[in-house]
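Colleague: here's my sequence, what's the structure:
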Amino acid sequence: MRTDLMTGLRYSITQNEITRRHQVLRQFMKKNDLGVLLILYPYEEGYRQWITGVDGTEKRSETCFVVPFEGDIYQIIGNRMLESEGTAEQPEGVLPDPEEAFDGVRTIYYFSAFDISEYLKQSGKKYIGVVHGNEIRAEMKDYLGKYRLTAQSIDVTEKLRIERAKKSDEEIHLLRNAVHLQDRVLDGLKGYLQPGMLEAEAVRYARYLANHLESGSIDNMQSAQIKLISWKGEQEAVPLMYPGRYFHSEDIICLTTRIIGDSGFYGTISRCMSFSEPAEAIKRAYDQLKDVTALAEKYLYPGITIKDIKEKLYSSFPDFPWEKNQNMIHGIGYCVVETPDEKYSADMQLQQNMVLALELKQQVEKGSTISLGNVYYINETGAECLNRTNKEWILI
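Modeller: Okay, here's the model as predicted:
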């Protein structure tokens, strides 16, 4: 495992895995008659890390990828488009990008429509594929139009999402490790909590544990996302405002962690806990959460869609207080929410080697919310829960 000094993240991902991903792109391009692929806003959906293997430090809007049909993939820093009728020349004295850690990717600082046109011509293919084309900046759109490339451009965002959603054996291994990290943080935290402690102290300790267990990253507010909320008796829970409230012996505590593990993969877990036995109404609500989760697990198999799963759950639990707009079933990987998900791909059939998070919530006393969340690997016949922590209510 190595550490990226630019970001603090730790990586053990291999060159073979990065090469495999580049081959997935080229096979996708061949299948869809694409001579060039432009990936705009590559921070969206984790494309930058998926292609390069590492995270970046530049601003989120300042990079794009140009993928010719053959050869190296070009990472364009700054989206600098040249008014050029020839190949873009790089400025003298420019050093290789320090984040360029794997073969198959070259960092450059300019590109021109002439380059794109030449790649298309050399490939003998018909189209320029565009990822995130619906978010294309007016400047880029005008630029491509000026060089008569717009007519040959097609948006392939949805199609490529399906290819990326299927994880390799190496990715699944790294995701297992990321999920186990969540379990270990929860184990350490539940042995640390006690009445009289501030909520902020509990969150700070959870982030300390994440870093100690090699989550890494300089920005632990992003890499160790900890949502902790507590309430006493019938007191309504409120969002954590630093430093939060003091824990009481009668408190209910709900915790969700979304922590980056090895090589930038996220895991997640949601659990509820208390210092003493919770009230009967809350225990019944949590038991119902477990029942819904158990049924949902049975429906996680290849060929079904998220839309189908939700309809089956709604019909089986018509009285369950379903949260509106709850993205309760979604992919997870380089982003907390990836394809397939309820917003963009509810009709996508689940396939073997997809990894999904199932996160259920239920409102109880005066709007306070309890939750139960886990990560699942879709195998040939069903799903395997990657979290090792059992789903029972936790008594501290």
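
Colleague: other SSEs contacting the host helix or strand of Leu372?
Modeller: When elements are assigned from DSSP states H and E, Leu372 belongs to strand 369-378. Taking 3 or more CB pairs under 8 Å, 6 or more residues apart in numbering; DSSP states H and E as contact, the helices and strands that strand 369-378 lies on are helix 169-190, strand 251-259, strand 269-274, helix 280-298, strand 355-363, strand 383-385. In this view, the C-beta of every residue, glycine as well, is placed from N, C-alpha and C.

Colleague: one more time with 6 Å, if that's ok
Modeller: strand 269-274, helix 280-298, strand 355-363, strand 383-385 (3 or more CB pairs under 6 Å, 6 or more residues apart in numbering; DSSP states H and E).

Colleague: show me what Leu198 bridges to in the sheet.
Modeller: Assessed by DSSP bridges, Leu198 has beta-bridge partners Tyr246.

Colleague: give me the neighbour count for it.
Modeller: Residues near Leu198, counting by other CB atoms under 10 Å, number 15.

Colleague: so where is the stretch 201-350 of the chain shaky, pLDDT-wise?
Modeller: 216-222, 233-242, 324-325 (pLDDT under 70).

Colleague: please, where are all the strands along it?
Modeller: Across the stretch 201-350 of the chain, reading from the start of the chain, the strands by DSSP state E, counting those that start in this stretch fall at 224-232, 251-259, 269-274, 329-331, 338-341.

Colleague: make CSV out of those strands and add mean neighbour count.
Modeller: Written out in CSV, the entries for the strands of the stretch 201-350 of the chain read as follows (neighbours: other CB atoms under 10 Å):
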stretch, mean neighbour count
strand 224-232, 19
strand 251-259, 24
strand 269-274, 23
strand 329-331, 24
strand 338-341, 23
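
Colleague: what would the helices and strands packed on strand 369-378 look like in TSV with distance to Thr257?
Modeller: Formatted as TSV, the entries for the helices and strands packed on strand 369-378 read as follows, by distance: least, CB to CB, whole Å:
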stretch	distance to Thr257
strand 269-274	6
helix 280-298	17
strand 355-363	12
strand 383-385	16
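
Colleague: so which of those comes closest to Tyr208?
Modeller: The stretch from the helices and strands packed on strand 369-378 with the least distance to Tyr208 (CB to CB) is strand 269-274; that distance is 17.4 Å.

Colleague: off-centre distance for that closest one?
Modeller: The chain centroid and the centroid of strand 269-274 are separated by 21 Å, computed with CA atoms, centre = their mean, to the nearest Å.

Colleague: which positions in stretch 347-364 come out as buried?
Modeller: 348, 350, 353-362, 364 (16 or more other CB atoms under 10 Å).

Colleague: and those residues as a markdown table, adding distance to Tyr208?
Modeller: As requested, the buried residues of stretch 347-364 are exported to a markdown table (distance: CB to CB, whole Å):
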| residue | distance to Tyr208 |
| --- | --- |
| Met348 | 38 |
| Leu350 | 36 |
| Asn353 | 34 |
| Met354 | 33 |
| Val355 | 27 |
| Leu356 | 29 |
| Ala357 | 24 |
| Leu358 | 28 |
| Glu359 | 24 |
| Leu360 | 28 |
| Lys361 | 27 |
| Gln362 | 30 |
| Val364 | 30 |
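
Colleague: at which residues are the helices of the stretch 51-200 of the chain located?
Modeller: Along the stretch 51-200 of the chain, the stretches classed as helices by DSSP state H, counting those that start in this stretch are 113-123, 138-146, 157-165, 169-190, 199-212.
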